[in-house]
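*Asks:* Got a sequence here, can you model it:
(chains A and B)
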Amino acid sequence: MARFLVLIYDDEQKWIDGAEGTEAAMQAHGKFSTDRADSIVAGEALEPTGTATSLRRDESGAVNVTDGPFVETKEALGGFYLIEAADLDAATELATEIPAPFGALEVRPVMVFS
Amino acid sequence: MGSYVVLLYQDESRSDHMSPEEQADLLAQHGAFQAKHGSAVKIGDALQRAASARTIQVGDGSMAVTDGPFVETKEALGGFYMIEAADLDEAITIAKDVPAPHGGVEVRPVMVFS
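*Replies:* Predicted structure coming up:
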């Protein structure tokens, strides 16, 4: 089995506003978490990007700390699942059950160090 | 205690060109970080390059699966740590020790559902 990170990118304002579809998505997350518990290593929702802090080291080696996300995107990373699957196809198949009503999902293989 | 995710962003045009020695050195730096903050670090994984990702977009009754990341950014998500800290300040202090030579990190609180 291999590990995959499923990144959930969504228009976070829709979630903040509780737009139509958020309730159904919450229920779908609950169902996915229950149905696929055996395949889920971890899964978390993140607080909105307004709560983010970014750290970047400058040339002198000092760390600059700034408020806000590291990368500004229209659809922001809002949560993730770390899952186990036989291969990318199986991981993709599993991920299609995860709701992302205002954006999309990205499935990324985790690196294996031997 | 709260849970925080530390997102590692890197310029892949730089990280792709590390020598085997530089790769081994970076891996050793992550090992040192994990050793120093072992009690705070819950999970951590490196991701394969963004190009290895698959994106899933669900519309009204339709679903599109495409190769590649959902979000194209100069600095791509390259890994993450899930950490536990007393508060955001402590999380930032820990995150300052995360090696990210080709970009930087973002610290984001994990949502708590009561």
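*Asks:* so where's the longest helix in the chain?
*Replies:* No chain in the question, so chain A it is. helix A:22-35 (DSSP state H).
*Asks:* wrong one, chain B
*Replies:* Longest helix in chain B, counting by DSSP H: helix B:20-36.
*Asks:* So which elements touch the helix or strand just after the longest helix of chain A?
*Replies:* Per DSSP states H and E, the first helix or strand lying C-terminal to helix A:22-35 is strand A:40-45. The contact analysis (3 or more CB pairs under 8 Å, 6 or more residues apart in numbering or on different chains; DSSP states H and E) places strand A:40-45 against strand A:76-85, strand B:41-46. Yep, even glycine has a C-beta here, placed from its N, CA and C like the rest.
*Asks:* Try it again at 10 Å.
*Replies:* Counting contacts by 3 or more CB pairs under 10 Å, 6 or more residues apart in numbering or on different chains; DSSP states H and E, strand A:40-45 packs against strand A:2-10, helix A:22-35, strand A:76-85, strand B:2-11, strand B:41-46.
*Asks:* Can you report phi and psi for residue 15?
*Replies:* Picked chain A for this. Main-chain torsions, A:W15, degrees, to the nearest 10: phi -70, psi -40.
*Asks:* same thing with B:A51?
*Replies:* The phi/psi pair for B:A51 (degrees, to the nearest 10) reads phi -60, psi -20.
*Asks:* In contact with it, which residues are there?
*Replies:* Contacts for B:A51 (CB atoms under 10 Å, 6 or more residues apart in numbering or on different chains) come out as A:108, B:12, B:67-69, B:76.
*Asks:* Next one: it relative to B:A76, how far apart?
*Replies:* 9 Å (CB to CB, to the nearest Å).
*Asks:* Need the residues touching each of these two.
*Replies:* A:108, B:12, B:69.
*Asks:* helices or strands next to the host helix or strand of the first one in the packing?
*Replies:* Spelled out, that is A:R108. Per DSSP H and E, A:R108 falls inside strand A:103-109. Packed against strand A:103-109, as judged by 3+ CB pairs under 10 Å, 6+ apart, are the following elements: strand A:2-10, helix A:12-17, strand A:76-85, helix A:88-95, strand B:54-58, strand B:63-67, strand B:75-85.
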